[in-house]
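Q: show me the folded form of this:
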Amino acid sequence: MALMLEVEDNANCDGVPQLIFNTMSESRQVTEVIAGDFGQEPSPHRVTGWSSEGDGTPCPAYAVTIEESGIGQALLVYGGDWGLRFMPVGVDEEWSLASSNQWGENFLSLDDESQVRFLDAG
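A: Numbers count the residues shown, from 1 in each chain. Okay, the predicted model is just below:
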């Protein structure tokens with residue numbers, strides 16, 4: 001099955017033109033990812049999708065296994081039409097574009113499912 005992803009240019013992140021990915025699994029909602037930021041060691045981060053509703057609001061973030069040329073497969077983490085928003089796990093605050101503890105990305109590609117926490121994981 002194919003997944004079409006397009007993120008508008010917005011206050012959260014740069015946009016990306018329409019991309020199409022061949023999926024190898026069903027999408028599942030995610031709440032955390034283990035990822036590095038700007039050359040730092042990978043660490044846990046809360047993640048949410050970001051929607052254009054209002055002036056930007058949280059929405060679910062999802063992960064799906066995709067075919068990735070060169071490496072076989074990868075885990076694509078994606079959110080709303082304004083991408084994804086991240087904050088370190090130790091930060092306890094509301095999602096906000098005004099926070100210096102948070103940042104946005106259009107999507108994230110990870111090695112495998114060991115780098116995410118799924119909402120339905122219990």
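
Q: low-confidence ranges, the chain, go.
A: Under the criterion pLDDT under 70, the flagged ranges of the chain are 37-39, 122.

Q: where along it do the strands fall?
A: Assigned by DSSP state E, the strands in the chain fall at 2-7, 16-22, 28-35, 43-51, 57-59, 61-68, 72-78, 84-88, 103-105, 108-110, 116-118.

Q: okay, these in a markdown table with distance to residue 96 and mean neighbour count next?
A: (Glycine included, C-beta is placed from N, CA and C.) Shown next, in a markdown table, are the strands of the chain (distance: least, C-beta to C-beta, whole Å; neighbours: other C-beta atoms under 10 Å):
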| stretch | distance to residue 96 | mean neighbour count |
| --- | --- | --- |
| strand 2-7 | 19 | 14 |
| strand 16-22 | 23 | 12 |
| strand 28-35 | 18 | 18 |
| strand 43-51 | 11 | 20 |
| strand 57-59 | 10 | 17 |
| strand 61-68 | 16 | 20 |
| strand 72-78 | 20 | 19 |
| strand 84-88 | 9 | 21 |
| strand 103-105 | 11 | 18 |
| strand 108-110 | 20 | 18 |
| strand 116-118 | 22 | 17 |
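
Q: so which of those strands comes closest to residue 95?
A: strand 57-59 (4.6 Å; C-beta to C-beta).

Q: cool, thanks, signing off.
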